[in-house]
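Undergrad: next comes the sequence, and after it the predicted model I'd like to discuss.
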Amino acid sequence: MLRMNADEILAFMRKVFPQARMPIEIEELRDGFLRIRVKTTERYLRPGNTIAGPALMNIADTAMYYLVLAMVGPVPLALTTNLNINFMRAPKLGDLIAETNMLKLGKRLAVGEVSIYSDGSAEPVAHATVTYSIPPGSTKPSAPSE
């Protein structure tokens, strides 16, 4: 059961994290799954004309945070405790798609995986596993659907 919808997540981010300026569109949100689109521009490039690794890490972390918010509710102090990312191929400049699956949602930890794709490509450019700590006293999480 979702506790926040896409509009509520984006409004929460504008209010609580106004410094977050990455252009993100939530394309799909359902119990245990989130798909976002990020419009990348030249400011995300590194030498060699590919999207910089830190930008891909930011996308993975943000996608997981959005899914945690959707499933737990507006918890600004949920935080990343681990992010492991594998860069698999050079992403194209343009839109990137991040698909996030919740693997386990407990009372204190949320574990998920994020696959990032260049728009129009079936092969991922990066894959991350991300763990979030959910602070005590937060809204009781709902279990992800099978």
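TA: Yep, that arrived.
Undergrad: return the distance of the helix or strand bottoming out on mean pLDDT in the chain from the chain's centre.
TA: Using mean pLDDT, DSSP states H and E, the weakest-scoring helix or strand in the chain turns out to be strand 45-46, at a mean of 88. Chain-centre distance of strand 45-46: 20 Å, with C-alpha atoms, centre = their mean, to the nearest Å.
Undergrad: in the longest helix along the chain, which residues are buried?
TA: Longest helix in the chain by number of residues (criterion: DSSP state H): helix 53-72. The neighbour-count check on helix 53-72 (16 or more other C-beta atoms under 10 Å) flags 55-72 as buried. Where C-beta positions appear, they are placed from N, C-alpha and C, glycine not excepted.
Undergrad: are we agreed that Thr131 is in a strand?
TA: Yes: Thr131 forms part of a strand when assessed by DSSP: H, G, I helix; E, B strand; the rest coil.
Undergrad: what does the model give the residue nearest the centre of the chain for pLDDT?
TA: The centroid of the chain falls nearest to Ala63 when counting by C-alpha atoms, centre = their mean (0.7 Å). Ala63 carries a pLDDT score of 98 in this model.
Undergrad: that one against Val114, yeah?
TA: Yes: counting by C-beta atoms under 8 Å, Val114 is a contact partner of Ala63 at 5.0 Å.
Undergrad: sorry, back to before: with only the CA atoms kept, save the longest helix of the chain in CSV.
TA: Output in CSV follows, covering the C-alpha atoms of helix 53-72 (Å, rounded to 0.1, in the frame of the first residue of the first chain):
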residue,chain,number,x,y,z
GLY,A,53,29.3,8.6,-12.4
PRO,A,54,28.3,10.9,-9.5
ALA,A,55,25.2,12.0,-11.5
LEU,A,56,24.3,8.3,-12.0
MET,A,57,24.8,7.7,-8.2
ASN,A,58,22.5,10.7,-7.5
ILE,A,59,19.8,9.3,-9.8
ALA,A,60,20.0,5.8,-8.1
ASP,A,61,19.9,7.3,-4.6
THR,A,62,17.0,9.7,-5.5
ALA,A,63,15.0,7.0,-7.1
MET,A,64,15.3,4.8,-4.0
TYR,A,65,14.5,7.7,-1.7
TYR,A,66,11.3,8.4,-3.7
LEU,A,67,10.2,4.8,-3.4
VAL,A,68,10.9,4.8,0.3
LEU,A,69,8.8,7.9,0.7
ALA,A,70,6.0,6.4,-1.4
MET,A,71,5.9,3.3,0.8
VAL,A,72,6.7,4.8,4.3
